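Participant: how would this look folded up:
(one chain, ligands or ions: 1)
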Amino acid sequence: METVVLSALERELIEETKRTADRLYLEDTHKVAAAFRTRSGEVFSGINIATRMPFADVCGEVAALCAMVAAGHRDPHVIVAIHRDGEGTYELFPPCGRCRELISDFDLDTWVIVGTLEQPFKVRIAELLPFKAG
Ligand SMILES: [Zn+2]
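Facilitator: Numbers count the residues shown, from 1 in each chain. This is a model prediction of the structure:
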């Protein structure tokens, strides 16, 4: 797996995602913020929506993708998701399988920031979803 260190803009995307998590955090409902930077440089963020029915939950990545598409963009370049707990502690949050499929449907070359906040790095979504069908 090719891993690549982050640029200053990608480190700023992490900080923007933390700010989204702080702004929208709601215990047991909104804990995972995500943000995309597009190839044209715009940033779109979102927050997860947890429900009482697990299969009805909406991931932060999905919320951020919907914001990007609603603004007329379909060119994700890099994404990061961050889990924030009730104490205000953050962790990088890798995309679930459904989100890996969704992000890769837009662009297999999209970067995903993973690792830890102390040592973040990025990998291509294609590397997180090997042998993708069709
Ligand atoms: Zn997901």
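Participant: could you point out which element follows the helix ranked longest in the chain?
Facilitator: Looking across the chain with DSSP state H, the single longest helix is helix 8-24. Going down the chain from helix 8-24, the next helix or strand is strand 32-38, by DSSP states H and E.
Participant: sheet-wise, list the partners of the biggest strand by length in the chain with their directions.
Facilitator: For the chain, the strand with the greatest residue count under DSSP state E is strand 76-84. Sheet partners assigned to strand 76-84 using DSSP bridges are listed as strand 32-38 (antiparallel), strand 90-92 (antiparallel), strand 111-115 (parallel).
Participant: residues contacting residue 128?
Facilitator: For residue 128, the contacting residues are 94-95, 100, 112, 114, by Cβ atoms under 8 Å, 6 or more residues apart in numbering. C-beta here means a position set from N, CA and C on the backbone, and glycine is covered the same way.
Participant: coming back round to it: ranking the strands paired with strand 76-84 by burial, who's on top?
Facilitator: Each of the strands paired with strand 76-84 was given a mean neighbour count from mean count of other Cβ atoms under 10 Å, and the largest, a mean of 25, is that of strand 32-38.
Participant: for the contacts of residue 128, which one is nearest residue 29?
Facilitator: Relative to residue 29, the closest of these is residue 95; by Cβ to Cβ it sits at 19.6 Å.
Participant: related to what we said a few turns ago, among the strands paired with strand 76-84, which is nearest residue 6?
Facilitator: Here strand 111-115 is closest among the strands paired with strand 76-84 (Cβ to Cβ), at 6.7 Å.
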